[in-house]
Structures are given as structure tokens and as C-alpha cells.
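Trainee: What would the 3D arrangement of this be:
(one chain, ligands or ions: 2)
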Amino acid sequence: MSLKVLSVVSEAVPLVKTGGLADVAGALPGALSPHGVEMTTLLPGYPAVMQAFGRARAIHSWDSLLGTPARLVSASLDDGHPLLILDAPSLYARDGGLYTDAAGRDWSDNWRRFAALGRAAADIAGGAIVKRGKPQGFDLVHAHDWQAAMAAAYLRFAPFGEGRRAPSVVTIHNMAFQGWFGQEVFSQLGLPPSAWSLDGVEYHRGVGMLKAGLASADAVTTVSPTYAREIRSEVFGMGLEGLIAARGNAVHGILNGIDTGLWNPAGDPALAARYGFRTLDKRAANKRALAAEFGLAGDEEGRGGPLLIVVTRLTWQKGMDVLLEVLDHLVGIGGRMALLGSGDAQIEQGLHAAAARHPGRIAVRIGYDEDLSHRMMGGGDAILVPSRFEPCGLTQLYGLAYGCLPVVSRTGGLADTVIDANPAALAAGCATGVQFDGVNYDGLAAALTRTVALYHQRETWERIQRNAMKCDFSWKASGKAYADLYRSLMA
Ligand code: ADP
Ligand code: GLC
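Mentor: Ligands and ions are numbered 1, 2, ... in the order given. Below you'll find the model as predicted:
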């Protein structure tokens, strides 16, 4: 039997993206269709989304969705996957970021913007859309992160219609963002007083949207098995560890995959030279092009240590303050680094200062550039991901697929996806990168020293590259894991 699932999310490629959440939401429908799951994605009608699909027809409208008029637009992506777009101009039609204004401050009405998304999802799942006299409900709702988590709370406390209530799954992509708002918003959420409870939306005397979702969902998932364990602890649970522990077996860790159509070095149009694990020598042309693009010294100048890359949000989570501390060491042991990222202004400044100290060895691009990120994976020797916590992480997976060996801290999805090149793994021939403990100067500096030494053992390095490229990080296994979970909730 085919299952109809509504995926509720605040960003999805190819339409809007600030991070890995969008990659995952964009890939899920394709990952699930081989398993008899027909997934429709519900997205807010931001300007970029309305520009692409605004003229499509509305299939439903609300006079007042949490106090604002809204319409629901039905569309489909080029690959045929169905979309529902929540067109509520007072909530989403504005310049700036998806979650913040141009100055980087959270939109003050974020509680309404994303509670409305959850309310709409519960209405849609319950059969608010009527086609030829028949309500078009969904079998299950899958909500991502705090921005969609209220869908599960509405389904539980204030479902639409009288029929069977659709079960819900809430996926945590990042516990650091919890969507907490003051108590005063509660009365405007359209929830019954019973929802204001320790087991409902109440959290530290306010409204906790992620918390409400985690308490209400029939199942909770996060994006790697290790992170699923880590969030039971104080450090990683960030206040919600007790709730996670209380949900017990309802919490699952399902590893993210990558879209191997978009991320494949053998067919990547962004690369100067395409290659596979049998034609690794072709990477040299990409490395030359990358060094030239960043104004870094080339291998031929006799200073040819590894060219390390970093593609990331510049934040504390990603360990970027520690990276700044080790850059002099990296240059001292013969490394080069090309970094692409944006975020924290202080980290940006520190990076510019390091680049000025080490011309030709450290180069930095501040900004967001999807094409450049592909060229970096195709030309870099290794990708650095020194995160303090990492629910899954996608860039290390792209690195593996491209033979750009990941150098990662041992946490979350990084721990689950990279096999450290320790003597045992090297002897067994299964190493795929470098892992280290301790996101601090000593931990990262030692990992870099080890990486540079390994790089100079050319045969070993190339063997690790081939191992990495042969790994299967497609959605095959995880698509099935989600489908199995959905079916287990339908009983
Ligand atoms: P997170 O979602 O925590 O930022 P992930 O590793 O899961 O981390 O996903 C980040 C995604 O955003 C990846 O697809 C990565 O390639 C992309 N990305 C991050 N920063 C940039 C940037 N400056 N330019 C291009 N792509 C970027
Ligand atoms: C979050 C996490 C990241 C994860 C991504 C997609 O942004 O920080 O680790 O890969 O979501 O699940």
C-alpha cells in the first residue's frame, strides 16, 4: 500500500537553503518513492518560492490562519515531486533571510510565522483540502526542526476534523535551535488550555516549539545514531535531554544520505576534470585550478603540502574559533587552506587576518557559493570539519564521495561516517579519513600533523581516497529506514 506523507519544512533545495536541512528535505521525496511513500513537501511562500510558483493555482484558503489570511498553492518540482506552498504574504513576503532580517536579527514574529506553518500542516493532513467533494488528507506528517514541530502539537491537541488523526514524526536536525517564545504568545496559538502543560508546549514558563513537537510526536528521529545517543546528555541535549530520555524507544537515529545525482565527481558539471576512484590522477587538474582560483601556491612551486578546504557556516558549533588558532601551525607543517563560508563577523575578521599573514598559503572567500563548493570538493586534498557537535554533517560526506578526505572531530554524524586512519584500520584497508578527539588547539593541531604526514605517504593516501569514494552514502538504506518507521506508526 502506498503511503501519503506530508513533509513540513522551512527550507528545501532547489528553492531555499541556509544549510543541510534544505539538502535533506529536498532529497527525501526521491529517497522514499522507491519504498512506496509518496511525499509532498509543504514550504512557506518566501519570495524565492513565490517567484518560482506563485502563479500556480490555489487549492485552499484560510480567512484567518493564526490571524492572517493565507492560501495554499499546489505545484511540482522539475523532478515531478509535489509541493504545497503556504502563501501568507504578511508572514513570508519580505526581504532578508528566512529566519532573520538583513541585519541578522530573528524576525520578531517568528513564533507566528512557524506556528502558522504547523497549523496549516495539521489542517492539510486532517483533510482541509477538498477535491471533487472529497477531503484529501495525508496518512502521516513528518515535521523538521522547531520551525515545523508545532505540526505535531496541533495534530495532538487541536486536530482538524473528526476523522482519524494522522500520526507524526519530528526530526531534530539541530538541538541548538529550539524556537522558544514568551508565555504571552500561547493565547494566540489557537491551542486548548490543556496544551499548556509540562507534557505539552510549556517550556521554562514559555512556549517551546521544538519541545512541543518532541513531546507530541508519535516518533522522534535525529540524523545520526551517535547524535541520537548524545542528545540524552546535558551537553548535547541542551535542556531537552530529559525529554529525549523519557521518549525512550520512540527516538531513532537515521543517518542522512547525499543526493548522488548532484554530488558525483564522475558527472559534476562544476569540475574542470571529472573523475572516479579509478582515475584519481585527474584530480590534479582540479587542484591546480582551485589553487589558482584562491591565489594559493601551486604544487609545482615546490611547496606542495596538502590543500585543505573548509566549507561551512562560520560558527561556534563548527569549531571555527579553534580553526583560527591552528592556522599558523598548519602553515608551519606545509599545509595550505582554502575556506568558503559566512557567519560570525569576528571569525570572518580572524580569517582575513590569517590570510594576510600567510599569503599564498591561506585564502578565504566570505559568502555562499554552491558551484565553488563543488570545485573545492573536486580539487581539495582534505576537508576539515572540526565541529563541537554535528547532528549529521553533509560536507564530510561530499568530501568522501569526492576523495577529498575528511578530517573530523569524533562527534555525532562525523563519528558515524568517517573511519579513522589508525594503524588497525590502515592494516584492514578500511580507513576513509582522520578523526580526532577534543575540539581544542592540541586536538586539532595533532590531527593536522597526522594528516600532513599521511598525505606524504602517497600510496596510502590514494588507497584511503579510493576507500572513501567507494562508500555508499546514498539514501538507499536511510530511505528504507524512514519508510519502515512510517509504516510502524500506521498500525
Ligand atoms: P549545517 O546544516 O549545520 O550547516 P551540513 O554539513 O549538514 O551543516 O550542511 C551544510 C550545507 O550547506 C552543505 O550542503 C554545504 O555544502 C553547504 N554550505 C555551507 N556553507 C556554504 C557556503 N558558504 N557556500 C556553499 N555551500 C555552503
Ligand atoms: C543541521 C545539522 C547538520 C545536519 C543538517 C541536516 O543543520 O547541523 O549536522 O547535517 O542539519 O540534517
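
Trainee: Can I get the helix or strand hosting residue 477 in CSV, CA atoms only?
Mentor: Element membership for residue 477, per DSSP states H and E: helix 476-488. The C-alpha coordinates for helix 476-488 follow below in CSV (Å, rounded to 0.1, in the frame of the first residue of the first chain):
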residue,chain,number,x,y,z
LYS,A,476,19.1,3.8,-0.2
ALA,A,477,19.4,2.5,3.4
SER,A,478,18.0,5.5,5.1
GLY,A,479,15.1,5.9,2.7
LYS,A,480,14.1,2.4,3.7
ALA,A,481,14.6,3.2,7.4
TYR,A,482,12.2,6.1,7.2
ALA,A,483,9.6,4.1,5.2
ASP,A,484,9.8,1.3,7.8
LEU,A,485,9.4,3.8,10.6
TYR,A,486,6.3,5.4,9.0
ARG,A,487,4.7,2.0,8.4
SER,A,488,5.3,1.0,12.0
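
Trainee: Spell out which residues of the chain are next to ligand 2.
Mentor: Residues of the chain that fall close to ligand 2, judged by CB under 6 Å from any ligand atom: 19-21, 24, 173-174, 223, 256, 390-394, 413. Quick note: C-beta positions are derived from backbone N, CA and C, even for glycine.

Trainee: Contacting ligand 1 as well, which ones from those residues?
Mentor: Answer for the residues of the chain next to ligand 2 near ligand 1 (CB under 6 Å from any ligand atom): 19, 20, 21, 392, 393, 394.

Trainee: Going through those, which ones are buried?
Mentor: 20, 21, 392, 393, 394 (16 or more other CB atoms under 10 Å).

Trainee: Could you verify that the third one is part of a helix?
Mentor: No. Going by DSSP: H, G, I helix; E, B strand; the rest coil, the assignment for residue 392 is coil, not a helix.

Trainee: show me the residues around the residue nearest to it when sequence neighbours are not counted that make contact.
Mentor: Setting aside the residues directly before and after it, residue 392 is nearest to residue 413 in space (CB to CB, 6 or more residues apart in numbering), at 3.3 Å. Shown in contact with residue 413 (CB atoms under 8 Å, 6 or more residues apart in numbering): 223, 224, 226, 227, 255, 256, 390, 391, 392, 393, 396.

Trainee: What are the phi and psi values at the residue nearest to residue 110 when sequence neighbours are not counted?
Mentor: Closest residue to residue 110 apart from its sequence neighbours, by CB to CB, 6+ apart: residue 99 at 6.5 Å. Recorded main-chain torsions at residue 99 are phi -120, psi -20, according to degrees, to the nearest 10.

Trainee: who in this protein is up against ligand 1?
Mentor: 19-21, 23, 311-313, 340-342, 368-370, 373, 392-395.

Trainee: With pLDDT as added columns, please give the buried ones among the ones next to ligand 1 among the residues of the chain next to ligand 2 in CSV.
Mentor: Shown next, in CSV, are those (pLDDT from 0 to 100):
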residue, pLDDT
20, 96
21, 98
392, 98
393, 98
394, 98
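
Trainee: quick check, nearest of these to residue 202?
Mentor: Of all these, residue 21 has the smallest distance to residue 202: 25.9 Å, by CB to CB.

Trainee: follow-up on the earlier one: the residue nearest to residue 392 in helix, strand or coil?
Mentor: Classification of residue 413 using three-state DSSP returns helix.

Trainee: What residues does the residue in the chain that ligand 1 sits nearest to make contact with?
Mentor: Among all residues of the chain, residue 20 sits closest to ligand 1, at 2.2 Å; criterion: CB to the nearest ligand atom. Contacts for residue 20 (CB under 8 Å, 6+ apart) come out as 173, 256, 392, 393, 394.

Trainee: In CSV, list these along with distance to residue 483.
Mentor: Shown next, in CSV, are those (distance: CB to CB, whole Å):
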residue, distance to residue 483
173, 19
256, 15
392, 19
393, 23
394, 21
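
Trainee: returning to what we had before: quick one: which two of the ones next to ligand 1 among the residues of the chain next to ligand 2 are the most distant?
Mentor: Maximum distance among these (CB to CB): 12.2 Å, for 21 and 393.

Trainee: overlap in contacts of these two?
Mentor: If you check residue 21 and residue 393 against CB under 8 Å, 6+ apart, no residue is contacted by both.

Trainee: Need the per-residue pLDDT for residue 317.
Mentor: The model reports residue 317 with a pLDDT of 96.

Trainee: I'd say it and residue 388 touch.
Mentor: Yes. Assessed by CB atoms under 8 Å, residue 317 is found in contact with residue 388 at 5.8 Å.

Trainee: between these two, which one's more packed in?
Mentor: Neighbour comparison, residue 317 and residue 388: the larger count goes to residue 388, with 20 against 15 (by other CB atoms under 10 Å).

Trainee: Work out for me the element the more buried one sits within.
Mentor: Using DSSP H and E, no helix or strand contains residue 388.

Trainee: and if you look at residue 114?
Mentor: If you go by DSSP H and E, residue 114 is part of helix 110-126.

Trainee: any idea which helix or strand comes after that helix?
Mentor: Toward the C-terminal end, the helix or strand that comes next after helix 110-126 (DSSP H and E) is strand 130-131.
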